[in-house]
Each structure stands twice: as structure tokens, then as C-alpha cells.
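> sequence and predicted structure are below.
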Amino acid sequence: MGTVNTIIAFVYLLAAVCFVAGLHLMNSPATARKGSPLSMWAMVAAIAATIAKMGYDDKTSTTAWIVLAAGALIGGVVGLWMARTVKMTAIPQLVSLFNAVGGGAAAVVAIADYVRLSGVSSSAITTRDAVSTVLDVIIGAVTFAGSLIAAGKLQGWITGQPVIFPGARILSGVLAICALGGSGYLLSGADNIPVLMVVLGAALIFGIAMVLPIGGADMPVVIALLNAFTGIAVAMAGFVINNSGLIIAGALVGASGGILTKLMADAMNRSILNIIVGGFGTGDSANVVVGAGGADIRQISAEDAAIQLAYATKVMVVPGYGLAAAQAQHEVRQLAEVLEARGIEVHFAIHPVAGRMPGHMNVLLAEVNVPYTELKEMDEANNEFPTVDVSLVVGANDVTNPAARRPNTPLSGMPILDVDRSHNIIVIKRSMGHGYAGIDNELYTDPKTGMFFADAKRGLAEIVAAVKTLVG
């Protein structure tokens with residue numbers, strides 16, 4: 001038995017090492033595809049070790065094995081179906097749902113173990129058990145409820161605008177007091193399941209109240225933050241059931257999610273506390289074709305765009321959510337190949353919060369095998385824009401808006417891609433509708449900007465055809 005436990009502990013340690021190595025490999029687009037399967041197989045090994053541990057535990061009943069097998073089967077089938085059918089534009093929603101499942105499952109584990117120990121005796125619940133349970137229930141419940149609201153906002157089932165109602169801050173304060181008060185009571189040594197349910201209910205409602213006031217523009221940061229919460233909740237669940245593999249995996253997710261949240265907040269030049277307070281950004285506005293602030297715009301055709309691109313020396317493509325929504329990554333790659341065949345230098349400028357989740361644009365472009373050497377992060381791209389002949393903006397809005405450089409706008413202080421410093425600019429967009437910040441994009445009225453109103457997929461296909469016709 002001792003040998004088996006030693007082997008299981010070694011497998012957990014090996015899995016943890018692979019998790020760390022996988023995260024490190026995901027730091028670079030060149031190695032990310034190696035990091036993902038490495039982490040996946042490490043998780044498979046950790047699950048196998050856990051099953052082996054249960055197999056040597058005489059307390060594992062036949063019913064428990066049946067429930068475990070049924071859960072694994074159902075979860076595996078649903079997960080495989082979702083992975084194969086989800087659209088790339090819906091990945092953020094899927095990530096939010098995974099966050100919800102992770103946080104909710106961790107909370108359920110803690111509650112179940114607390115109820116089990118309560119049935120043994122009041123003295124069976126140690127201080128360590130109580131602390132782990134309370135933290136797991138609060139963090140897991142907040143993550144579960146908040147992630148569902150975030151997914152609803154991203155999917156459009158809940159308005160992307162900040163939802164603020166009278167007394168919202170007071171309600172949040174009362175809920176926090178209830179959760180903390182109940183936690184203090186439980187930590188004092190009292191064994192009271194109803195109080196734990198009060199803490200659970202307060203945390204669930206607090207999670208809803210926390211995310212509802214946050215606008216759509218901040219959703220990438222919220223997703224990263226809730227992912228960190230999921231990791232912390234999972235680590236607490238590991239303490240509850242005394243599983244080192246769960247503790248290590250949860251800690252890694254929590255730490256990496258926290259780092260990502262900080263990086264995303266810095267990319268928007270906003271503090272995490274400011275984002276949690278909410279109120280920034282709105283949903284998509286109505287599709288109206290008017291100039292920003294009443295100013296004139298210059299509308300061009302696919303042939304006009306093709307002429308500028310075909311005779312350029314250096315082109316910078318700026319992808320945004322509009323490209324993802326139209327699933328136009330194949331067309332943008334085809335355009336890049338056509339231009340590169342003419343000896344034109346083509347790069348892609350990636351803003352950290354372009355799209356609806358961290359790395360959204362990188363994933364889309366990797367899907368169509370755009371070389372990672374052609375991807376330019378924001379700082380590198382901004383250094384090159386003054387030397388770019390034509391910048392092609394495909395469905396990007398707020399991340400290119402020069403209004404961010406001026407005070408007293410919803411985007412003030414947010415780092416942007418300096419597209420307006422290019423020699424010429426082409427914008428492919430369905431309309432003059434606003435982005436999540438809810439303001440006009442001043443780039444569209446720049447005299448250097450030509451607006452090509454079209455769905456990204458159709459518009460890019462027309463430009464590709466026009467370039468091919470132009471060059472014979």
C-alpha cells in the first residue's frame with residue numbers, strides 16, 4: 001500500500017512538472033501547440049492516479065464507481081461535442097462556461113465534504129477543513145454565478161451594457177457582510193449547515209451583482225479574472241479532500257490567471273479594482289452609416305482597396321472581432337499570400353484585447369497557419385506603423401480609436417494600435433456602428449482612411465479577386 005501511495009504521489013509530481021512546462025511552452029506561438037497536448041496528457045495522468053488511489057480505497061462503494069463512470073461518460077461526450085461544434089467566435093463564451101463549471105464543481109466538493117464530516121461529529125471538522133471549505137464555497141460560488149453572467153453577456157442573452165440599478169452597491173455590501181459574517185461563525189468552530197447555505201447563497205448573488213455592472217469592453221479582463229478564481233477554488237477543493245494534484249493544478253491556474261488578468265488590465269490602462277467596480281463600455285450600437293461627430297467619411301470600393309494594396313511595399317493587417325464574427329481568417333490569409341507573392345511585406349498587428357478574450361486573434365490566425373513571425377504585438381507594431389504604406393483594419397474598432405489619446409473619453413488612457421500614423425488606411429467594416437466603448441471611432445474620419453463597407457469575409461474575398469485581376 002505504501003508503494004502504491006508513493007507511485008501515486010510521484011505521478012502527481014510529474015503531472016505538476018508537465019503543467020508548468022506546458023504553461024511555459026504556451027508563452028510563444030512557436031511552441032504553444034506543444035504545450036497544450038503536454039498539459040492535456042499530464043491531466044490524464046493525474047486523473048488516472050486519482051482513480052488508482054480510489055481503487056485501493058476500501059471506502060469507495062460500487063455506487064460511487066457507477067456515479068463516477070456516468071459523470072465521466074456524460075462529461076466526455078458533452079465536452080467532445082462542444083469542442084467539435086463551437087465556433088471560434090464563441091470560444092470566449094465556452095471559456096466562461098468552463099470557468100463556471102470549475103468553480104461550481106469545487107464548491108460542491110467542499111459542501112459535500114462538509115456535510116459528510118458534520119454527519120460524523122462536530123469535532124470532525126478541523127480548523128483547516130473549515131477554512132478550506134469556506135474559501136472554496138465563496139470563491140467557487142462567485143466564479144460560478146459571475147461566469148454564467150459573463151457568458152450571457154458575450155452570447156448576447158444579457159445586454160453588453162453595464163446593468164446598474166438603484167441600491168446595487170448597497171446590495172453588494174450586504175451580501176459581502178452576510179458571506180463574511182457566516183464564514184466567521186463557521187470558523188469559530190460552530191457546525192451549522194444552514195449557515196453554510198446562507199454563505200453559498202450570498203456568494204452566488206454577489207457573483208451576479210459583481211459582473212452585471214461591467215461593460216462589454218472589459219469582458220476579456222473579467223474572463224481572465226474569473227479563470228484565476230476558478231483555479232483558486234480548485235486549489236481550495238484540493239485542501240478539502242487532501243489531494244496534492246488538485247492543489248498544484250489549481251494553484252497554477254490561479255497564478256497564471258492572475259498574471260494574465262494583470263497584463264490585460266495594464267493593456268487597457270485600467271486597474272483591476274476599477275474594472276470590478278464596473279460601468280465601462282457598452283454593447284454594439286445600431287448600424288448607421290454616418291460620419292463620426294457629423295464629419296465626412298471617404299468610402300471606397302474593393303477595386304480602390306486592391307490598387308492601394310497591390311502597389312504598396314509594406315502592409316499591416318489589423319484584425320478585430322469583426323474578422324472573427326465573419327470567420328474571415330481564411331480570406332485574410334489568402335490576401336496576405338497574394339500580396340507576399342508580389343514581394344510585399346505583410347504583418348499582422350495584434351492588440352492584447354482585440355476580440356473577446358486574451359489571444360483571440362492569435363488563435364484565429366494560427367488556425368489558418370499564419371506564420372507567428374508575421375504577428376506583431378502592440379509595442380512592436382506601433383514602432384512600425386510610421387513606415388507602413390497601407391494599414392488594413394478588419395473589424396477592429398476601439399483598439400484603433402485615436403480618441404484614447406485625449407482626456408475625458410471612455411477610452412482615455414487605453415493603449416491603442418497607432419494605425420492613424422500609417423501612410424494610408426483601409427477599414428473593412430459593416431457599418432459605422434460603435435464598438436463596446438460606445439463612442440465614434442475618429443480613425444474613420446481621418447483623411448487618409450478609406451471605408452469599405454462590407455462583411456469581413458465577403459469584403460476580403462472581393463479585394464483578393466480585385467488584386468488578382470489587377471496583377472493579371
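Thanks, I have it.
> hey, let's count contacts and neighbours off CA atoms from now on
Noted.
> now do D266 against L443, distance only.
23 Å (Cα to Cα, to the nearest Å).
> quick one, strands of the stretch 351-472 of the chain?
Under the criterion DSSP state E, counting those that start in this stretch, strands of the stretch 351-472 of the chain are mapped to 375-377, 390-394, 424-429, 449-453.
> so which of those strands is the most packed in?
Among the strands of the stretch 351-472 of the chain, ranked by average contacts under mean count of other Cα atoms under 10 Å, first place goes to strand 390-394 (a mean of 26).
> ranges for the helices of the stretch 301-450 of the chain?
Along the stretch 301-450 of the chain, the stretches classed as helices by DSSP state H, counting those that start in this stretch are 302-310, 321-325, 329-341, 360-367, 378-384.
> and D113, what does it touch?
Applying Cα atoms under 8 Å, 6 or more residues apart in numbering to D113 gives the contacts V240, I241.
> hang on, the earlier thing: which one of D266 and L443 has more residues nearby?
Neighbours per residue, other Cα atoms under 10 Å: of D266 and L443, the larger number sits with L443, 23 against 16.
> the domain parsing of this structure - what is it?
1-85, 90-283, 292-471 (automatic domain parsing).
> save the ones you listed as a markdown table, and put in mean pLDDT too.
As requested, those are exported to a markdown table (pLDDT from 0 to 100):
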| stretch | mean pLDDT |
| --- | --- |
| domain 1-85 | 86 |
| domain 90-283 | 84 |
| domain 292-471 | 89 |
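> contact partners of the one helix or strand I275 maps to?
Element membership for I275, per DSSP states H and E: helix 272-277. Contacting residues not belonging to helix 272-277 are listed as M210, V211, P213, I214, D218, V222, T261, K262, A265 [Cα under 8 Å, 6+ apart].
> report the two of these separated the most.
Maximum pairwise distance among the contacts of helix 272-277 (Cα to Cα): 20.0 Å, between P213 and K262.
> find the centremost residue of this protein, please.
M357 (3.5 Å; Cα atoms, centre = their mean).
> excluding chain neighbours, give the residue nearest to that residue in space.
Sequence neighbours aside, P220 is the residue nearest to M357 in space, at 4.4 Å (criterion: Cα to Cα, 6 or more residues apart in numbering).
> tell me the contacts of the one you found?
M264, V353, R356, M357, P358.
> quick check, it in a helix?
Yes. Looking at P220 with DSSP: H, G, I helix; E, B strand; the rest coil, it is inside a helix.
> right, and G450 touches I426 too?
Yes. Between G450 and I426 there is a contact under Cα atoms under 8 Å: 4.9 Å.
> before we move on, the earlier item: list the buried residues of the helix holding I275.
With burial defined by 16 or more other Cα atoms under 10 Å, the residues of helix 272-277 counted as buried are I272, I275, I276.
> ok, of those residues, which one's closest to V115?
I276 (32.7 Å).
> if I look at that closest one, how far off is P410?
Where P410 is concerned, I276 sits at a distance of 16 Å (Cα to Cα).
> just G215 next, same as before
Taking Cα to Cα, one finds G215 at 11 Å from P410.
> who has more neighbours out of the two?
The neighbour comparison of G215 against P410 (other Cα under 10 Å) goes to G215, with 25 against 16.
> what about the strands in the stretch 151-300 of the chain?
Going by DSSP E, counting those that start in this stretch, the stretch 151-300 of the chain shows no strands.
> what about the helices in it?
Under DSSP H, counting those that start in this stretch, the stretch 151-300 of the chain gives helices at 168-187, 193-211, 219-241, 244-267, 272-277.
> kindly present the ones you listed as TSV, with separate columns for distance to R298.
Formatted as TSV, these follow (distance: least, Cα to Cα, whole Å):
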stretch	distance to R298
helix 168-187	44
helix 193-211	39
helix 219-241	32
helix 244-267	31
helix 272-277	36
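> ranking these by burial, who's on top?
Most buried among the helices of the stretch 151-300 of the chain, counting by mean count of other Cα under 10 Å: helix 219-241, with a mean of 27.
> that helix: how far from the chain's middle?
Here helix 219-241 is found 13 Å from its chain centre; the criterion is Cα atoms, centre = their mean, to the nearest Å.
> next, count neighbours for P37.
P37, neighbours per other Cα under 10 Å, totals 12.
> repeat for N369
Count around N369 with other Cα under 10 Å applied: 12.
> from V4, how far out is it?
N369 is 45 Å from V4, by Cα to Cα.
> then I214?
To V4, I214 is 49 Å away according to Cα to Cα.
> out of these two, which sits in the busier spot?
I214 (27 against 13).
> first-to-last residue distance for stretch 55-65?
In terms of Cα to Cα, the two terminal residues of stretch 55-65 are separated by 9 Å.
> distance between that stretch and the chain's centre?
38 Å.
> in it, which residues are buried?
Within stretch 55-65, no residue is scored as buried using 16+ other Cα under 10 Å.
> just stretch 141-158 next, same as before
141-155.
> contacts for that stretch?
By Cα under 8 Å, 6+ apart, stretch 141-158 touches 90, 92-94, 96-97, 99-104, 107, 159-160, 200, 203-208, 210-212, 216, 219, 222-223, 226, 229-230, 356.
> can I get that stretch as CSV, trimmed to CA atoms?
Taking C-alpha atoms only, stretch 141-158 is exported to CSV below (Å, rounded to 0.1, in the frame of the first residue of the first chain):
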residue,chain,number,x,y,z
ALA,A,141,-19.9,30.3,-6.0
VAL,A,142,-18.8,33.8,-7.1
THR,A,143,-17.0,32.2,-10.0
PHE,A,144,-19.9,30.0,-11.0
ALA,A,145,-22.5,32.8,-11.0
GLY,A,146,-20.2,35.5,-12.4
SER,A,147,-19.0,33.3,-15.2
LEU,A,148,-22.6,32.5,-16.3
ILE,A,149,-23.4,36.2,-16.4
ALA,A,150,-20.2,36.8,-18.4
ALA,A,151,-21.1,34.1,-20.9
GLY,A,152,-24.6,35.5,-21.2
LYS,A,153,-23.2,39.0,-22.0
LEU,A,154,-20.9,37.6,-24.6
GLN,A,155,-23.6,35.5,-26.2
GLY,A,156,-26.0,38.4,-26.3
TRP,A,157,-28.5,36.8,-24.0
ILE,A,158,-27.8,39.6,-21.5
